[in-house]
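Trainee: Provide a 3D model corresponding to the input given below.
(one chain, ligands or ions: 1)
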Amino acid sequence: MLIAIDGPAASGKGTLARRLAAHYGLCHLDTGLTFRAVGAALLAAHRALDDEAAAVAVAEQLDLASLDRERLNRHGIGEAASRVAVMPDLRSALVSRQRAFAHTGAGAVLDGRDIGTVVLPDAAAKLFVTADPATRARRRAAEIRSRGGTARDADILADLSRRDRRDAERAVAPLKPAPDAYLLDTTGMDIETAFRSAVDIVDQARDERA
Ligand code: DC
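Mentor: Coordinates of the predicted model:
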């Protein structure tokens with residue numbers, strides 16, 4: 001069983017994807033981490049974020065099973081990830097790695113921006129998870145503060161809006177719902193409610209295909 005979860009930055013799709021994977025006993029890949037790992041590696045090597053040859057070389061060496069979520073999920077790395085993500089050859093290199101990961105076991109949950117449209121167009125269930133921008137910014141700022149950092153909701157909102165615009169407007173594999181994706185707006189929902197809704201959607205999609 002393959003489950004595709006897409007949505008804009010800080011929509012809660014990662015938490016939902018992890019919980020769904022645990023619920024159905026599937027592997028999980030946060031594909032945002034693959035772009036973040038490439039962006040972080042280019043920054044560390046003092047390479048330009050549009051150096052596509054260097055980016056592809058990093059992508060080919062990545063160990064998808066041991067991406068350091070704690071380190072890569074830092075807010076600043078999101079911007080570098082979004083910038084490298086516009087490069088077509090890098091996307092092809094990562095997409096083939098992501099597909100290989102998805103097809104190794106009995107099934108998987110992948111979350112990102114183009115999972116339902118490009119990476120796994122035949123997924124058994126597709127969700128597009130959103131929440132209004134102010135809610136997403138508030139959640140992300142609270143998460144940063146809970147780890148001891150400092151963050152103003154307004155600054156985070158500006159960062160997320162800039163990133164969403166770039167992700168939605170790029171030429172290759174832009175952020176958008178697949179035509180057959182179920183929209184899940186989590187504004188005003190707590191994580192438990194969002195999770196129960198996601199399980200209902202996946203069960204229903206599975207039944208419809210059976
Ligand atoms: O999900 P995230 O915020 O960790 O993703 C970071 C960036 O990586 C995002 O702004 C755009 C890029 N990305 C992408 O282009 N395609 C994906 N499937 C996942 C992430």
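Trainee: Would you mind listing what in the protein touches the ligand?
Mentor: 9, 31-32, 35-36, 78, 81-82, 85, 112-114, 163, 167 (CB under 6 Å from any ligand atom). No exception for glycine: its C-beta is placed from N, CA and C like everyone else's.
Trainee: how about TSV for those residues, with pLDDT, neighbour count and secondary structure added?
Mentor: Shown next, in TSV, are those (pLDDT from 0 to 100; neighbours: other CB atoms under 10 Å; DSSP: H, G, I helix; E, B strand; the rest coil):
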residue	pLDDT	neighbour count	secondary structure
Ala9	92	25	coil
Thr31	98	26	helix
Gly32	98	23	helix
Phe35	98	27	helix
Arg36	98	25	helix
Gly78	95	21	helix
Ala81	98	22	helix
Ser82	97	25	helix
Ala85	98	29	coil
Gly112	98	31	strand
Arg113	98	26	coil
Asp114	98	24	coil
Arg163	96	20	helix
Asp167	97	22	helix
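Trainee: can you tell me which two in those residues are farthest apart?
Mentor: Using CB to CB, the two most remote members of the residues of the chain next to the ligand are Gly78 and Asp114, lying 16.3 Å apart.
Trainee: Which parts of this structure are strands?
Mentor: Using DSSP state E, the strands of the chain run over residues 2-6, 27-30, 108-112, 125-130, 182-185.
Trainee: Export the third one to PDB, keeping only CA atoms.
Mentor: What it means is strand 108-112. Coordinates of each C-alpha in strand 108-112 appear next as PDB, following Å, rounded to 0.1, in the frame of the first residue of the first chain:
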ATOM      1  CA  ALA A 108       5.100   3.200   2.400                       C
ATOM      2  CA  VAL A 109       3.900   6.600   3.300                       C
ATOM      3  CA  LEU A 110       5.700   9.500   1.600                       C
ATOM      4  CA  ASP A 111       5.100  13.100   2.300                       C
ATOM      5  CA  GLY A 112       6.200  16.200   0.300                       C
END
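Trainee: Tell me the neighbouring strands of that strand, and mark each as parallel or antiparallel.
Mentor: strand 2-6 (parallel), strand 27-30 (parallel) (DSSP bridges).
Trainee: From those, pick the one with the highest average neighbour count.
Mentor: strand 2-6 (a mean of 28; mean count of other CB atoms under 10 Å).
Trainee: Just the CA trace of it, in CSV.
Mentor: C-alpha atoms of strand 2-6 as CSV (Å, rounded to 0.1, in the frame of the first residue of the first chain):
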residue,chain,number,x,y,z
LEU,A,2,1.3,3.4,-1.0
ILE,A,3,0.0,6.6,0.6
ALA,A,4,0.9,10.1,-0.7
ILE,A,5,0.7,13.1,1.5
ASP,A,6,1.3,16.6,0.1
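Trainee: by how many degrees do that strand and strand 125-130 diverge?
Mentor: Orientation check (axes from the mean of the first three to the mean of the last three CA atoms, to 10 degrees): strand 2-6 against strand 125-130 gives 20 degrees.
Trainee: Give me the contacts around strand 2-6.
Mentor: For strand 2-6, contacts defined as CB atoms under 8 Å, 6 or more residues apart in numbering pick out 13, 16-17, 20-21, 24, 26, 102, 107-117, 119-120, 122-129, 175, 177-178, 181, 202.
Trainee: From those residues, keep the buried residues only.
Mentor: Buried members of the contacts of strand 2-6, counted by 16 or more other CB atoms under 10 Å: 13, 16-17, 20-21, 24, 26, 102, 107-117, 119-120, 123-129, 175, 177-178, 181, 202.
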